[in-house]
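Asks: pasting the sequence and the predicted model now:
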Amino acid sequence: MESTDYIKLLSRWAHIVPAIILVGGSIFMNLVLIPALGESDDAREIKNRVKRKWAKAIMISAGLIMISGFYNAFLAYKGDLHPLYTGAFVIKLVLVAVVFYLSSLLTGRSEEALKFQQHEVLWGKINMFAAIMVVLCAGLMKVAPRNVPAQTNTPGVTSPQTKSQPPLRLYLPTKKEH
Ligand code: HEM
């Protein structure tokens, strides 16, 4: 392996591990923790403590995901990318913004965040689905073709690109040149 391969591997790890923490944590919270705690003063206190810890995990994970994500994107970009790849990437970025925004409100302690948390069951589920969609988009990017499809010409139709190409000439030395 070359030294650049080690950097690629590190960047991949730095993307996948925090992604697992973020998405897995959100699934665990919504499907297990919040329903199991129910509604009581004790439950509220536990939720608040969990949120404080979870907010730190989200911040670190989001930082690593952003840095490694942009590096991954830099590696993937080699001229024109296939529309399927680009489309999945754009949708993924929009969903990532939604996940980061909702996560910050769901774990925040500002007045606005506390007001938002009155509907935390609904927004938590929306956040979880958005996070799962992000992973699905990443999967699509993985299998999508990278490069734009090669231009094919319909018989009898000359594309502008073909027109602008100079005709192929064979250079044959004349007798004088010998
Ligand atoms: C919640 C946030 C995110 C999650 C859960 C996530 C998840 C993933 C996963 C699971 C992969 C596949 C990794 C692999 O097989 O090596 C991946 C790849 C990738 N991610 Fe993310 N990601 C997130 C945010 C971002 C951001 C913010 C960016 C860009 C700024 C980004 C750019 C990429 C790129 C370019 C790839 C490589 C795709 C490929 O060509 O195969 N990701 N992501």
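Replies: Everything's here; your move. Model, not experiment: these values are computed from the prediction. Numbering: from 1, shown residues only.
Asks: residues from this structure in reach of the ligand?
Replies: 12, 15-16, 19, 22-23, 65-66, 69-70, 72-73, 76, 96, 99, 131, 134-135, 138, 141-142 (CB under 6 Å from any ligand atom). Every residue, glycine included, has its C-beta placed from N, CA and C.
Asks: could you redo the last one with a cut-off of 8 Å?
Replies: Proximity of the chain to the ligand (CB under 8 Å from any ligand atom) is limited to residues 12, 15-16, 18-20, 22-23, 62, 65-66, 68-70, 72-73, 75-76, 85, 89, 92-93, 95-96, 99-100, 131, 134-135, 138-139, 141-142, 144, 146.
Asks: for ChimeraX, write the select line for the buried members of those.
Replies: Applying 16 or more other CB atoms under 10 Å to these leaves a buried subset, and the ChimeraX line that selects it is:
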select :15,18,19,22,23,62,65,68,69,72,85,89,92,95,96,99,100,131,134,138,141,144
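Asks: what sits against the closest residue to the ligand within the chain?
Replies: Taking CB to the nearest ligand atom, the ligand has its nearest neighbour within the chain at G69, 2.4 Å off. Neighbouring residues of G69 by CB atoms under 8 Å, 6 or more residues apart in numbering: 15, 96.
Asks: which non-adjacent residue is nearest S103?
Replies: Once flanking residues are discounted, S103 sits nearest to I58: 5.1 Å by CB to CB, 6 or more residues apart in numbering.
Asks: could you look up the SS state of the one you found?
Replies: helix (DSSP: H, G, I helix; E, B strand; the rest coil).
Asks: any idea which helix or strand carries S68?
Replies: Using DSSP states H and E, S68 sits within helix 41-76.
Asks: isn't I91 up against M141?
Replies: No: I91 sits out of contact with M141 when judged by CB atoms under 8 Å, with a separation of 9.9 Å.
Asks: in this structure, which segments are predicted with low confidence?
Replies: For the chain, applying pLDDT under 70 flags the ranges 150-178.
Asks: skip the chain neighbours and tell me the closest residue to V96.
Replies: Take V96 and drop its neighbours on the chain: the residue closest to it by CB to CB, 6+ apart is V134, 5.7 Å away.
Asks: which residue is nearest the middle of the chain?
Replies: Compute the mean C-alpha point of the chain, and by CA atoms, centre = their mean the closest residue is K92, 4.8 Å away.
Asks: check which helix or strand covers that one.
Replies: helix 83-107.
Asks: now that helix, how far from the centre of its chain.
Replies: 7 Å (CA atoms, centre = their mean, to the nearest Å).
Asks: immediately after that helix, which helix or strand?
Replies: helix 111-116.
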